[in-house]
Structures are given as structure tokens and as C-alpha cells.
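Enquirer: structural data only, the sequence is not supplied:
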């Protein structure tokens, strides 16, 4: 880059990573426009990043061991079996991941932005109007600012994507099921430690779905968290001063009469719909879950739950003219893939590299598009395959043993879970 003025629309994990990449690549001014005015660090859901992918992002300068994390090594799969309170383990897979709390990771990325990046919270973008030399960004209050480049990191309802592509070519598609998500303090777990070892991502399998549970760091301390990363234990996992939490994600199809109300990617579930869906989840838990995991779900406070209807999409291109897409604005990864936050960080890494390696902005954006758009499409197809195998057409879990499970896993999951390696 040669001192261009750049806007990043969206200031979450994807937006902060993009701003860092653009600044390092030589942008003259980077302005981040984030619609939320509240505390993004309070977002409590968990995410996990595969160890090899973490190493790539650490080398690129986007993650480091001071960011609070919890080490995971194994993924046991269990089913309900008579009086066994924690269930019967049918198989176990290696799970070399580091888990994070979304809000803590965002906070660390935000704090690492250079002081001269202009991060504006509570600023919504109403429209983007591109032309040959840049784009005009229209804010919600009617004011307009001009930029040489606009990067859309504004999620699945991306205003930048709407300006760049026809809606029909990149509209999110309903996956036919949803994820119930929740977190609960690890200190409140409903039984002995051996039922749920600290390094595991335990998966409870049942007809028509599954639930994965793993520990994540607690909330950051104070208004801005521990500024020097002292809450983390370098090298062997991090925690924070209000204690480790357990993150669970429960996948299943909704009752048929509710499905149509979840298909619209622009709509958020109403309070009435949320109550109906929570009751439906609890019925499934009572019917299919071992007692330990039933009590974990039932004991999760209402304020620490959320619903995530599963939609996915992949833009046919990641850049056009003076607009570029990144993170969920470019491709929505289903949570099964282990690629959501990872993909956003990888997108930023590749965008930054392309801007450094090419002499012109058009050439850099073309290289970024060529490398990342195929990855977005591959992740979309992997997510759909996982959704069919793990939710929509589940096997007879209880009849499986280690050998048959591994055969099923390799046939239906492949090596894509946890993300793809970056190009050297």
C-alpha cells in the first residue's frame, strides 16, 4: 500500500485483525466503523483453534500465548447408557486445540491495534457506494466519508457485500437446524472431575444431533481486562480471575412448525420462539442425555444462553474494485468446522501478505481473492457435509465402537475440521 485511506466496516475479531493487517501493510489511515457501542468483551461464547493453525497465526503476529486460552487434547464421544451418570464412551479422537472466550480474544486483538488506528464504536454504516477510485461510506446519521479502500468485516448481514455482489449470489442459506449455546461456571459442574476431564471436548451423541462441551477462559477482569496479560499462564493455557467456564453447543433440528420462522437470516428469534425452542431442547435432553450432561444443560442460567440458527454462505469473490470482504462477510462457516474465528484471522493474514507482496492495490486484491475465495467455498461444503452427518442423518451412535466410529468419521468429516493450512 502507498498511504491509502481505508475503512474497515465491522470491529469484531475479523475487523480488528483486518485493521492490524492494513496498518502493517502501509495504509496511511485506517478507520474501523463498529455499529455496537457496548462491551464486545462481554460476549461469552467459546471458540477453538487447532494447534497447527494457531502456530501459523502466532508466526504472522495475530495471536500469542499471553491471550487467555485453555489447552484441549481429546474429544470423547458418549451416549446415554442405563445408570451411567456420565454416559458410555463409544470412541475418542485426538483434539489438539486451544479454546478461547470470544470476548477475551476480541479484547486482546483490540488492545493490540496501534494507537493511530481510528476505532469508532457506535457507528453504523447505512450504505457503501463504490466507484473506480474508491468508495463512499454513508453512515446512519447521513454523513458520508470517502475512502480509497473499504473492507467488509461486518458479518453475515454485510453492507459491504451487498454493495459488491448481487444478493442472490451470496445470500445466507438456512441449514435446517440450529445450535443452542450456553456457558456455565466450571465451579458449578454437576459432578466429579473424572466425568469431564479438563483437557477434553466431550461430545454427547443422540438421535438427530449432538452436543460438544469444553472449557474456556473466564471473563476479563475489570473494564479492560488484564492489560499486561498476567491472567494467562504462558505456554500451558490461560485463565482469568473469575474462573474457567464451560462452553456447550447443542445441535438439533427444531420442531417442524417452527422451522419456517428460523429460515430468515435477517431475523432474530423472538422471546416467544426462544422459549418454545428451549423447551424443545430440554425435552430432547431429558429423553436422550446421561444425567451429568442433562444437569449441565439444565443448570445453565437463562442469561448465559443463546440461539444460533445455522445458515451458511460463501461469496463467489472476496474482492472487486476497491471493496474487499473478510470473515463472515465473505463466507459463513458452520460451527462444526472449527473455522469461524480462524477463517477471519487467516483472511486478514492473507490480505496483509498480498498487500505487502504486490505493487498495486488491484493486483493485491486479485491475489487475495484468488487464494481465499476457494477456501470459503470448501469450508461451506465441509459444513454442509458435517451438518448432514452429525445432525440431519445421524448414525446409530450407540451401536458404534472405536473402529466403526473412526471409519464413519473419516468418511463424513475428512481432514478439514479445524481449518486449512495457510500458503507458505
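Expert: Happy to help now that I have it. Just so you know, these numbers come straight off a predicted model, no measurement behind them.

Enquirer: please give the element, helix or strand, for the spatially closest residue to residue 416 that is not a sequence neighbour.
Expert: Closest residue to residue 416 in three dimensions, ignoring its sequence neighbours and counting by Cβ to Cβ, 6 or more residues apart in numbering: residue 382, at 4.4 Å. Using the backbone N, CA and C atoms, a C-beta is placed for each residue, glycine as well. Assigned by DSSP states H and E, residue 382 belongs to helix 361-387.

Enquirer: who touches the residue positioned nearest the centre of the chain in this structure?
Expert: What sits nearest the mean C-alpha location of the chain, by Cα atoms, centre = their mean, is residue 340, with 3.4 Å. Going by Cβ atoms under 8 Å, 6 or more residues apart in numbering, residue 340 touches 47, 328, 333.

Enquirer: let me know the secondary structure of the second one.
Expert: This points to residue 328. Using DSSP: H, G, I helix; E, B strand; the rest coil, the structure places residue 328 in helix.

Enquirer: and it, how far from residue 376?
Expert: When Cβ to Cβ, to the nearest Å is applied, the distance between residue 328 and residue 376 equals 10 Å.

Enquirer: distance from the lowest-mean-pLDDT helix or strand in the chain to the middle of the chain?
Expert: Between all helices and strands in the chain, the lowest mean by mean pLDDT, DSSP states H and E belongs to helix 167-170, at a mean of 78. Between the mean C-alpha point of helix 167-170 and the mean C-alpha point of its chain there is a distance of 22 Å (Cα atoms, centre = their mean, to the nearest Å).

Enquirer: now do the contacts for residue 96.
Expert: 50-52, 72-73.

Enquirer: return the members of these classed as buried.
Expert: By neighbour count, with 16 or more other Cβ atoms under 10 Å, the contacts of residue 96 hold 50, 72 as buried.

Enquirer: from the contacts of residue 96, which land in helices?
Expert: When helices are assigned by DSSP state H, the members of those inside them are 51-52.

Enquirer: can you add pLDDT and distance to residue 21 and give the contacts of residue 96 back as CSV?
Expert: Supplementary listing: the contacts of residue 96 in CSV, determined by pLDDT from 0 to 100; distance: Cβ to Cβ, whole Å:
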residue, pLDDT, distance to residue 21
50, 95, 21
51, 97, 22
52, 96, 21
72, 98, 28
73, 98, 31
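
Enquirer: show me the helices in this structure, by range?
Expert: Counting by DSSP H, the chain has helices at residues 13-24, 51-60, 102-111, 159-164, 167-170, 256-259, 271-288, 291-298, 340-357, 361-387, 402-412.

Enquirer: can you tell me which of those helices is most buried?
Expert: For those, the stretch with the most neighbours on average is helix 13-24, a mean of 27; neighbours defined as mean count of other Cβ atoms under 10 Å.

Enquirer: give me the helices and strands touching that helix, please.
Expert: Secondary-structure packing of helix 13-24 (3 or more Cβ pairs under 8 Å, 6 or more residues apart in numbering; DSSP states H and E): strand 5-9, strand 29-34, helix 102-111, strand 149-152, helix 340-357.

Enquirer: give me the contacts around it.
Expert: Outside of helix 13-24, the residues that reach it under the criterion Cβ under 8 Å, 6+ apart are 1, 6, 8-9, 11, 30, 32, 34, 61-62, 102, 105-106, 109-110, 112-114, 116-117, 119, 149, 151, 153-155, 326-329, 341, 344-345, 347-349, 351-352, 355-356.

Enquirer: equivalent analysis for stretch 129-137, please.
Expert: Applying Cβ under 8 Å, 6+ apart, the external contacts of stretch 129-137 come out as 7, 9, 33, 125, 127-128, 138, 144-150, 163-164, 321-323.
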